[in-house]
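Engineer: Here is my input, please return the structure:
(one chain, ligands or ions: 1)
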Amino acid sequence: MSAQPTSDRKKITTLTFRQRKEQGEPVTVLTAYDYATALAADRAGIDCLLVGDSLGMVVLGYENTLSVTMEDMLHHCKAVARGAKAPLLIGDMPFMSYQVSTQEAVRNAGRFLAEGGMDAVKLEGGREAASTAEAIVNVGIPALGHIGLTPQSVHKLGGYKAQGRTARAAHRLIDDALILEDAGCFAVVLEAIPDRVAELISRKLSIPTIGIGAGAGCDGQVLVSHDMLGLFDRFTPKFVKKYADMHGEMLRAFAEYKADVIARRFPAEAHVYPMPDDEWQALLAELEGEMELPLTR
Ligand code: KIV
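Structural biologist: Reported below is the predicted structural model:
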């Protein structure tokens, strides 16, 4: 397959995010982990692609995101960067790539841009991640915050549960969001929190909020592409709207292929390379006596 121009849309930047918020126009974000998905999302006009560490679960089949490495992330970032040109591309910093020291965090954030072809990075955590986010922003790398249900803290949170459902917890989330804005984040992901809390945070911040399981009051929305495409049927969170049943479609196509091969319906005439009759006859003449004839045709 030849490489084609992906789109002639203008490049989306962090500035576009800010403008969208000012104009009240939602930002559209999807996760992507490979070239084909990135190409389709770009052509569909999606604003931003997040190479999420969710790839550990939906692509690599791990139980959670904790085993994902920098090398895993960079491998998938490079593929996405080859497929999508206009969307803002964000690389998700994996577990332990930014928690141990600020220096390591900045170096790893830099790798997403220098090696992975990303435009920005995302890191999980509120106040505890703020100084790291600030250091990353200070070297010129845009940082996206992520609060609420932060999957890298699944064991601390006691599972994949909605967050901020008490007044106290909600207040803490509001403060965390403001701290991340102060730290220089260009936007904040709000995951699995009550819609009224998300709307309140969105109103308080001057940077956009990107919701996932946080209701329509956010400034943008993100979904895991495998969830919304119905590709990943192991577990689908309540907040996902399924736009397709790709797993079902894959099952149907694979079973049909199997049946075709067994019944010798595939490959058919349209799928083979023809040989001119005179060349075929010449070959048969050369082989005469060497092998058992007739052949099938
Ligand atoms: O890893 C991921 O895909 C994410 C999104 C769910 C925001 O963090």
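Engineer: Tell me how far Gly158 lies from the ligand.
Structural biologist: Going from Gly158 to the ligand by C-beta to the nearest ligand atom, to the nearest Å gives 19 Å. Yep, even glycine has a C-beta here, placed from its N, CA and C like the rest.
Engineer: can I assume Gly125 is in contact with Gly148?
Structural biologist: No: with contact defined as C-beta atoms under 8 Å, Gly125 does not count as touching Gly148 (10.8 Å).
Engineer: which of the two has more neighbours?
Structural biologist: Of the pair Gly125 and Gly148, Gly148 is the one with more neighbours under other C-beta atoms under 10 Å, namely 28 against 19.
Engineer: Please name the bridge partners of that one.
Structural biologist: Beta bridges link Gly148 to Glu191, judged by DSSP bridges.
Engineer: Just list the residues touching it, thanks.
Structural biologist: 162-164, 173, 189-193, 213-214 (C-beta atoms under 8 Å, 6 or more residues apart in numbering).
Engineer: Mind doing that once more with 10 Å?
Structural biologist: Contacts for Gly148 (C-beta atoms under 10 Å, 6 or more residues apart in numbering) come out as 124, 126, 157, 162-164, 169, 173, 176-177, 188-194, 197-198, 201, 211-214.
Engineer: ChimeraX command to pick out the buried ones of these?
Structural biologist: The buried residues among those can be selected in ChimeraX (16 or more other C-beta atoms under 10 Å) with this line:
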select :124,126,157,162,163,164,173,176,177,188,189,190,191,192,193,194,197,198,201,211,212,213,214
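Engineer: Keep only those of the contacts of Gly148 that are in helices.
Structural biologist: Here DSSP state H is the test, and the contacts of Gly148 give 157, 169, 173, 176-177, 197-198, 201 as lying in helices.
Engineer: Adding distance to Gly289 and pLDDT, write those out as CSV.
Structural biologist: Formatted as CSV, the ones in helices among the contacts of Gly148 follow (distance: C-beta to C-beta, whole Å; pLDDT from 0 to 100):
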residue, distance to Gly289, pLDDT
Leu157, 77, 96
Ala169, 86, 98
Leu173, 84, 98
Asp176, 84, 98
Ala177, 84, 98
Val197, 85, 98
Ala198, 81, 98
Ile201, 84, 98
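Engineer: just the residues you listed now: which is nearest Ser101?
Structural biologist: Here the nearest of the ones in helices among the contacts of Gly148 to Ser101, counting by C-beta to C-beta, is Asp176; it sits at 21.6 Å.
Engineer: For Leu287, grab the count of nearby residues.
Structural biologist: Neighbours of Leu287 (other C-beta under 10 Å): 11.
Engineer: Show the pLDDT at it.
Structural biologist: pLDDT recorded at Leu287 is 89.
Engineer: and it, how far is that from Glu279?
Structural biologist: Separation of Leu287 from Glu279 (C-beta to C-beta, to the nearest Å) stands at 13 Å.
Engineer: sorry, back to before: residues that sit against both of Gly125 and Gly148, list them.
Structural biologist: Shared contacts of Gly125 and Gly148, defined by C-beta under 10 Å, 6+ apart, are found at Asp176.
Engineer: tell me the contacts of whichever residue of the chain sits closest to the ligand?
Structural biologist: Sorted by distance to the ligand under C-beta to the nearest ligand atom, the residues of the chain start with Gly52, at 2.2 Å. Residues near Gly52 by C-beta under 10 Å, 6+ apart: 29-33, 58-59, 65, 68, 73, 76, 90-92, 94, 122, 146, 151, 189, 212, 222, 224-226.
Engineer: and the helix or strand of the chain with the lowest mean pLDDT, how far from the chain's centre?
Structural biologist: When each helix and strand of the chain is scored by mean pLDDT, DSSP states H and E, helix 277-287 comes last, with a mean of 94. Relative to its chain's centre, helix 277-287 lies at 54 Å (C-alpha atoms, centre = their mean, to the nearest Å).
Engineer: which residue sits closest to Pro87 in space, ignoring its chain neighbours?
Structural biologist: Of all residues not flanking Pro87 in the chain, Leu49 sits nearest, at 4.7 Å (C-beta to C-beta, 6 or more residues apart in numbering).
Engineer: Report the backbone C-alpha coordinates of the helix or strand the one you found falls within in CSV.
Structural biologist: In the assignment (DSSP states H and E), Leu49 maps to strand 48-51. Extracted C-alpha coordinates of strand 48-51, given in CSV (Å, rounded to 0.1, in the frame of the first residue of the first chain):
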residue,chain,number,x,y,z
CYS,A,48,-6.5,15.1,19.0
LEU,A,49,-5.2,11.5,19.3
LEU,A,50,-4.0,10.2,22.6
VAL,A,51,-1.6,7.3,22.5
